[in-house]
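In: Structure of the sequence below:
(chains A and B)
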Amino acid sequence: MLTVPPPTRPTRDLARLSDEALLSLVAASDDDALAALYDRFGRVAYGLALRILRDETLAQDAVQEAFLGVWRNADRFLAERAKASTWILTLVHRRSVDLVRREDIRRGEPLERAPEPATPTTAEDEASLGFRRRLVQEALTQLPAEQREALELGYYGGLSQSELAERLGQPLGTIKSRMFTGLSRLRDLLDEAGLEGSYP
Amino acid sequence: MATDHHANVAPYALDALDADEEREFEAHLASCEACREELASLREATAALAYGAAGPVPPPELKERILAEAAAERPNVVTLPQRRSWTAPLAAAAAIAAAVAIGVGVFAATRPASNDPLASVLAQPGAKLVPMGDQGALAVAPDGTAAIALTVPQAPSGKTYEAWVMRGGSAQRAGLFSGTTVLRIDRPVKPGSVVGVTLERAGGVDAPTSKPFVATQEVS
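Out: All right, here's what the predicted structure looks like:
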């Protein structure tokens, strides 16, 4: 006899789905898939937002807005032709930078003032995040100092290129060029190191 | 003085343009294939920088708040008022590309091939998503290539899930799987088709023996 799976909601096994597949479920209003994406990217999102905003409440606001952006606009991700992780982290960065500029928070403090990593969730998460963190930080140290500075003050500091030019006393063209060369080199270093944007 | 737009790709990727510069660059992006390619290539490295900013674990209430807010907005159709959007210029770019009859989107052509069949269908210009109940979705491209993502319990032993492309009263076999899957659909999915899944005996059958327990609406 044929058995049809029961009409009750099936056991959800979202862990095996790719980020892109989860995002397509989110586009179909699947809030479990949204929760699964948050589990994959919420921590790195919060770390980034906190680094930029230096305020826990604002960082939470930025992450919340970014994930609600994911919820509302997952269908539009189709037009992006990017990896889901890239799209999500780009949204988080934008919200954070929008907020930091609106709040006029003092930006671009020395990196030593960045919040320290705190209690890990699980050893596995910590190992995976720690691995990625080391790869990225290692790649950054291999860049010429002025390129690293432009990327760090721009990306983590939320400074615009004009603000950077002013702060560093360099022509705008020099800042653009440092950003471009720095990002291109970073891309090559991360490719060599085998860092993949998606969750392992 | 004319702006050298190409020099703004990296600052744009880093969200380091002022609002005016950003609007101007996005307008340029819609018509410049070279800049779109460069941007796509720098985006991933930029997003990877996020991992360099290690921080503490977010408070558990944050996840609860996000999910509660998402549930309150259930109909997933609200458009976010976005000061910044990189969808808009790319959608415009897609329209322009279509207008000049470029068959393959720039980004589809420049992205590395993905092993995920759903992602590779979605990478095609004009691809869309069709929900399959609350268990998954079908991605289908204009040329009919398609994939489904479905969350289902493991099939009982001796049984298999079988996907079907149904159109005009006939059902064509479209692939077998045993549990939660992302599956390429073997048959072209043309407008007017319905994609559904039944549970069948192991090895599959030539025609469905029951009504699909999950199916799409007619694909438009």
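
In: Any stretches of chain B with poor pLDDT?
Out: B:1-3, B:74-115 (pLDDT under 70).

In: max-length helix in it?
Out: helix B:33-48 (DSSP state H).

In: Tell me which residues of it come out buried.
Out: B:33, B:35-36, B:38-48 (16 or more other C-beta atoms under 10 Å in any protein chain shown). C-betas here are computed from N, CA, C, even on glycine.

In: Include distance to chain A when you put the residues you listed into CSV, please.
Out: Shown next, in CSV, are the buried residues of helix B:33-48 (distance: C-beta to the nearest C-beta, whole Å):
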residue, distance to chain A
B:E33, 13
B:C35, 12
B:R36, 9
B:E38, 9
B:L39, 10
B:A40, 7
B:S41, 7
B:L42, 5
B:R43, 5
B:E44, 5
B:A45, 4
B:T46, 6
B:A47, 4
B:A48, 6
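
In: Let's have those in JSON lines, adding distance to A:F180.
Out: Shown next, in JSON lines, are these (distance: C-beta to C-beta, whole Å):
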{"residue": "B:E33", "distance to A:F180": "18"}
{"residue": "B:C35", "distance to A:F180": "12"}
{"residue": "B:R36", "distance to A:F180": "15"}
{"residue": "B:E38", "distance to A:F180": "9"}
{"residue": "B:L39", "distance to A:F180": "11"}
{"residue": "B:A40", "distance to A:F180": "15"}
{"residue": "B:S41", "distance to A:F180": "11"}
{"residue": "B:L42", "distance to A:F180": "8"}
{"residue": "B:R43", "distance to A:F180": "13"}
{"residue": "B:E44", "distance to A:F180": "15"}
{"residue": "B:A45", "distance to A:F180": "11"}
{"residue": "B:T46", "distance to A:F180": "12"}
{"residue": "B:A47", "distance to A:F180": "17"}
{"residue": "B:A48", "distance to A:F180": "16"}
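
In: which one among the residues you listed gets closest to A:V136?
Out: B:A48 (5.8 Å; C-beta to C-beta).

In: and B:G192, how far is that from B:M166?
Out: Distance of B:G192 to B:M166, given as C-beta to C-beta, to the nearest Å: 10 Å.

In: Point me to the residue sitting closest to the centre of chain B.
Out: In chain B, the centroid-proximal residue (C-alpha atoms, centre = their mean) is B:L122; its distance is 4.2 Å.

In: right, and that one touches A:A27 too?
Out: No: if you go by C-beta atoms under 8 Å, B:L122 and A:A27 don't touch, sitting 9.8 Å apart.

In: before we move on, the earlier item: who has more neighbours, B:G192 and B:M166?
Out: Between B:G192 and B:M166, counting by other C-beta atoms under 10 Å in any protein chain shown, B:M166 is the more crowded of the two (19 against 11).

In: Report the spatially nearest residue to that one, omitting neighbours in sequence.
Out: B:V194 (4.7 Å; C-beta to C-beta, 6 or more residues apart in numbering or on different chains).

In: which residues sit in contact with the one you found?
Out: B:165-167, B:215-219 (C-beta atoms under 8 Å, 6 or more residues apart in numbering or on different chains).

In: I'd like the residues you listed written out as JSON lines, with secondary structure added.
Out: Listed next are the contacts of B:V194 as JSON lines, based on DSSP: H, G, I helix; E, B strand; the rest coil:
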{"residue": "B:V165", "secondary structure": "strand"}
{"residue": "B:M166", "secondary structure": "strand"}
{"residue": "B:R167", "secondary structure": "strand"}
{"residue": "B:A215", "secondary structure": "strand"}
{"residue": "B:T216", "secondary structure": "coil"}
{"residue": "B:Q217", "secondary structure": "coil"}
{"residue": "B:E218", "secondary structure": "coil"}
{"residue": "B:V219", "secondary structure": "coil"}
